[in-house]
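Asks: no FASTA, just this:
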């Protein structure tokens, strides 16, 4: 078992073997609980509060009661409090990383990197307290002064995924708070302790009572109640497209502001003039790092025909060198739960039954834990369901393309539109592809992932509803624009 600080197991680092809700800045137990399983060992880590409608009611009530007081603080004052949280996260980053590593099965090294990114995001949005800009507008009427200001929606419901848990918390909580909203955070059921330790740090840093509330539990048992709650004003959801459609339809009933960051089936294109060694490295990182559990993972590898065989040989050799485990020198850990693993194995069996070939991987590592071998498939039909099915694991398909237009056509032949990448030394090729790829983010000579705190992130079609988080664009999700005009007389 992965151990925590000073040789202690995580259950010794966390105060209790039960992860509670955090409502009105206090621990709240529930009548029911569920078990959190360590994905690397299949052992039970602890019991987790299994929230229902009453728990959601309490959390929203707490956030509602605190909202006006939080909004009345200047954005500069709110920013200072968020900076306090960032500084305390920095002090406790090793502890945060231990919790993330144990819950997800990723290495402590990777968890530390993720924690560092969350801290950077906190610092960025703390600074936005000094830059929560509106605009001054010219009028066609004499002696009329007009400006716009940002105002909070009210109560923000934030629903996150488990793949990068502390980063996902920061991604939503900090922009929501800096705009003056109070928060009910629905923790990912597979990473409850990460949300819990974040809440305890926020309270220790001086966040006022009721401004942040964390509820644990299953989406269908408490998440839906949260989305439907009449006193929730803005919803931000990260997760599957299937659930995102449900969230959008519920939000539409009351015309609530909603931000959806959903799945992807992201292409990486390797041109004839690419630096093959670098392209192989970036492809492996894009497809398999974090066990492929990225919405921005490269799951479709499109290689120009002239270099296809050479690239394939080197890609397979590099992939077969990857090691699975939870140590810092391992390349990838387990997927987050058994359901996820079983879905991947079923999808591989299904596509191979229709003629696809497994070039490497294709099976579970024969040990305890939910370890999926890095898998590359060939001869997957362009029309196959696998090309429009996000598996959220270390599985990618390899495809030949004859020219740039063919690569563009295949890249866009999907319901998704989140990220893409191209490897080429020709600036014209790069510019043509980056303009034509129907995605929210595209990289040249890099991977399909790599968003930073000040970058807007989001996609088209089944990848989202057009909003962008984080970056300053996130402020548009979490604030309303009010136009104020004054006549001088």
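Replies: Thanks, I have it. It should be emphasised that the depicted structure is a prediction, and the values quoted were computed from it without experimental measurement. Numbering: from 1, shown residues only.

Asks: okay, now the unreliable bits of the stretch 151-300 of the chain?
Replies: By pLDDT under 70, the stretch 151-300 of the chain has no low-scoring segment.

Asks: do a quick rundown of the helices in it.
Replies: 165-178, 192-204, 224-228, 241-253, 276-288 (DSSP state H, counting those that start in this stretch).

Asks: for residue 330, find the nearest of these.
Replies: helix 276-288 (11.5 Å; C-beta to C-beta). C-betas here are computed from N, CA, C, even on glycine.

Asks: now do the buried residues in the closest one.
Replies: Using 16 or more other C-beta atoms under 10 Å as the test for burial, helix 276-288 gives 276, 279, 280, 282, 283, 284, 285, 286, 287, 288.

Asks: same question for stretch 119-133.
Replies: Buried-residue list, stretch 119-133, by 16+ other C-beta under 10 Å: 119, 120, 121, 122, 123, 124, 125, 126, 128, 129, 132.

Asks: before we move on, what about stretch 400-411?
Replies: Neighbour-count burial for stretch 400-411 [16+ other C-beta under 10 Å]: 400, 401, 404, 406, 407, 408, 410, 411.

Asks: pLDDT (mean, whole number) over that stretch?
Replies: Averaging pLDDT along stretch 400-411 yields 97.

Asks: for stretch 455-462, same thing?
Replies: Averaged over stretch 455-462, pLDDT sits at 92.

Asks: next, the distance between the ends of it.
Replies: In stretch 455-462, first residue to last residue: 21 Å (C-alpha to C-alpha, to the nearest Å).

Asks: just to revisit the earlier point, ok, the buried residues of helix 276-288 vs residue 232, which is closest?
Replies: Nearest member of the buried residues of helix 276-288 to residue 232, counting by C-beta to C-beta, is residue 286, at 35.5 Å.

Asks: please give me every residue in contact with the residue lying closest to the closest one once chain neighbours are set aside.
Replies: Nearest residue to residue 286, sequence neighbours excluded (C-beta to C-beta, 6 or more residues apart in numbering): residue 298, at 3.5 Å. Shown in contact with residue 298 (C-beta atoms under 8 Å, 6 or more residues apart in numbering): 266, 267, 268, 283, 286, 287, 396, 421, 447, 448.

Asks: name the SS class of residue 308, please.
Replies: Secondary structure, DSSP: H, G, I helix; E, B strand; the rest coil: residue 308 is helix.

Asks: just the pLDDT at it, thanks.
Replies: 98.

Asks: and if you look at residue 11?
Replies: pLDDT at residue 11 comes out at 39.

Asks: quick thing: my sequence starts at 6, can you match it?
Replies: I'll keep to 6 as the first residue from here, and by that count the last item is residue 16.

Asks: tell me how many other residues surround residue 63.
Replies: By other C-beta atoms under 10 Å, 18 other residues sit near residue 63.

Asks: can you tell me how far it is from residue 55?
Replies: Look at residue 63 and residue 55: by C-beta to C-beta, to the nearest Å, they are 14 Å apart.

Asks: help me confirm that residue 133 comes into contact with residue 83.
Replies: No. Look at residue 133 against residue 83 with C-beta atoms under 8 Å: they stay out of range, at 9.5 Å.

Asks: strands of the stretch 256-405 of the chain, start to end?
Replies: If DSSP state E, counting those that start in this stretch is used as the criterion, the strands of the stretch 256-405 of the chain fall at 262-266, 271-275, 303-309, 362-365, 380-383, 400-406.

Asks: which of those sits most buried?
Replies: Most buried of the strands of the stretch 256-405 of the chain, by mean neighbour count (mean count of other C-beta atoms under 10 Å): strand 271-275, with a mean of 29.

Asks: hmm, who's touching that one?
Replies: 281, 284, 287-288, 291-292, 301-309, 312, 316, 406, 412, 415-416, 421, 423-429, 438, 442, 444, 452-453.

Asks: can you tell me the centre-most residue of this protein?
Replies: With distances taken as C-alpha atoms, centre = their mean, residue 173 lies nearest the centre of the chain, 5.0 Å away.

Asks: and the nearest residue to residue 416 once chain neighbours are set aside, what are its bridge partners?
Replies: Once flanking residues are discounted, residue 416 sits nearest to residue 272: 4.3 Å by C-beta to C-beta, 6+ apart. Judged by DSSP bridges, the bridge partners of residue 272 are residue 305.

Asks: so how far is residue 418 from residue 272?
Replies: 9 Å.

Asks: same deal with residue 289?
Replies: Distance, residue 289 to residue 418, by C-beta to C-beta: 24 Å.

Asks: just the pLDDT at the closest residue to residue 407 other than its chain neighbours, thanks.
Replies: Leaving aside its sequence neighbours, residue 407 sits nearest to residue 310 (C-beta to C-beta, 6+ apart; 5.6 Å). Looking at residue 310, its pLDDT reads 97.

Asks: could you do residue 494 as well?
Replies: On the pLDDT scale, residue 494 gets 86.

Asks: my guess is it meets residue 148, correct?
Replies: Yes. Using C-beta under 8 Å, residue 494 is in contact with residue 148, at 6.9 Å.

Asks: burial count for residue 253?
Replies: As a burial measure, residue 253 scores 17 neighbours (other C-beta under 10 Å).
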